[in-house]
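Undergrad: Here is a sequence together with a model predicted from it:
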Amino acid sequence: MTYYKILQDGKSCNGGKAEWDLPVKNLDSTWEPGGWMPEIKGKLIACERGYHICKDEQVIKWLDDEIYEVEYKGEIFDHSDKCVAHKCRLIRKYDKWDERTQRLFACDCAEHVLHYFEDKDPDDKRPRLAIESARLFVKATQSAQAVRDAAQAAALAAGDAAWAAGAAAWYAAWYAAGAAAWYAALAAAGAAGAAARDAAGYAAWYAAGAAGDATGDETGDETGDAEIQWQYAKLLEYIE
């Protein structure tokens, strides 16, 4: 089983403030692990005491700038959406997780549940246009500034339209699919890395919500979980 740590500029970013000892990449692309973080004493308590790490699909909920593989020593406590350990160190950084892959991942998540929206309103193409515009922006990032500006403007306009379409929807899955498309467009339209990382996380969250709400019955949790599993598999395609 693989465990992950999500950081921002080498620091904890989902509640904690710890500055981690980072792994170093060698010239042959292997990694020298970071040092062990100070051991946390006492009973492990989620959100209070211990190092928070993620196993497998749990990482989807906490996506941010940086993804690292982490190992732990001693006891570990699984708190459903995260794990808590006494002692950890970072093994390697998934350096393929960057602004480009964050934007593409957001698009993938939104596109995967777009059918929930289009099944309800097949004539409203605004969310689809938002996703397509977001992908065009990613392709345009190596092009002339004028091309990037045009793609960015298109993504913003399409994203606003997708948000309006989703907000007008009474059906939860319909709304969530439109919202996921809006965040995908935000991922492309935002010049700063923060826009890409935030959109990746929110697009995944809304997409899982769309899948879970679509059934309208007690199977919703299973459907939402299946969507998160799909997202995790897609994430691995990008970072491995």
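TA: Cool, the structure landed.
Undergrad: Could you find the closest non-adjacent residue to residue 84?
TA: residue 50 (3.7 Å; Cβ to Cβ, 6 or more residues apart in numbering). The C-beta positions use only the backbone N, C-alpha and C, and glycine is treated the same way.
Undergrad: could you check the distance from the most centrally placed residue in the chain over to residue 65?
TA: Nearest residue to the geometric centre of the chain (Cα atoms, centre = their mean): residue 201, 3.2 Å. According to Cβ to Cβ, to the nearest Å, residue 201 and residue 65 sit 11 Å apart.
Undergrad: quick one on the thing from earlier: excluding covalently adjacent residues, which one is nearest to the residue nearest to the centre of the chain?
TA: Using Cβ to Cβ, 6+ apart, the nearest residue to residue 201 is residue 63, at 4.2 Å.
Undergrad: which residues does the one you found contact?
TA: 6, 102, 197, 200, 201, 204 (Cβ atoms under 8 Å, 6 or more residues apart in numbering).
Undergrad: Identify the residue nearest residue 69 in space, chain neighbours excluded?
TA: That would be residue 91: by Cβ to Cβ, 6+ apart, it lies 4.4 Å from residue 69.
Undergrad: OK, contacts around that neighbour?
TA: 23, 31, 33, 34, 68, 69, 70, 71.
Undergrad: Over to residue 60?
TA: With Cβ under 8 Å, 6+ apart, residue 60 has these contacts: 204, 208, 228, 231, 232, 235.
Undergrad: 7 Å instead, please
TA: When contacts are counted by Cβ atoms under 7 Å, 6 or more residues apart in numbering, residue 60 is found next to 204, 228, 231, 232, 235.
Undergrad: Mind giving me the ChimeraX command for buried ones among the residues you listed?
TA: The ChimeraX selection below is limited to those of those classed as buried (16 or more other Cβ atoms under 10 Å):
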select :204,228,231,235
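Undergrad: now, the most widely separated pair of the contacts of residue 60?
TA: 228 and 235 (10.2 Å; Cβ to Cβ).
Undergrad: Residue 16 - that's part of a strand, no?
TA: No: counting by DSSP: H, G, I helix; E, B strand; the rest coil, residue 16 is not part of a strand but coil.
Undergrad: one step back: in helices, which of the contacts of residue 63 fall?
TA: Counted as lying in helices by DSSP state H, out of the contacts of residue 63, are 102, 197, 200, 201, 204.
Undergrad: any chance of these in TSV, plus distance to residue 110 and pLDDT?
TA: Formatted as TSV, those follow (distance: Cβ to Cβ, whole Å; pLDDT from 0 to 100):
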residue	distance to residue 110	pLDDT
102	13	87
197	16	69
200	10	77
201	12	78
204	9	81
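Undergrad: Parallel or antiparallel, list what pairs with the host helix or strand of residue 84.
TA: Applying DSSP states H and E as the criterion places residue 84 in strand 83-93. If you go by DSSP bridges, strand 83-93 pairs up with strand 51-55 (antiparallel), strand 66-78 (antiparallel).
Undergrad: hey, where'd the helices end up in this protein?
TA: Under DSSP H, the chain gives helices at 99-112, 114-120, 126-140, 145-167, 172-189, 193-214, 220-239.
Undergrad: could you give me the average pLDDT of the longest one?
TA: Mean pLDDT, helix 145-167: 63.
Undergrad: Let me know whether residue 128 touches residue 114 as I believe.
TA: Yes: at 6.2 Å, residue 128 and residue 114 qualify as touching, with contact defined as Cβ atoms under 7 Å.
Undergrad: Which one's more surrounded, the two?
TA: Neighbours were counted for residue 128 and for residue 114 using other Cβ atoms under 10 Å; residue 114 has more, 22 against 17.
Undergrad: Done for today, thanks.
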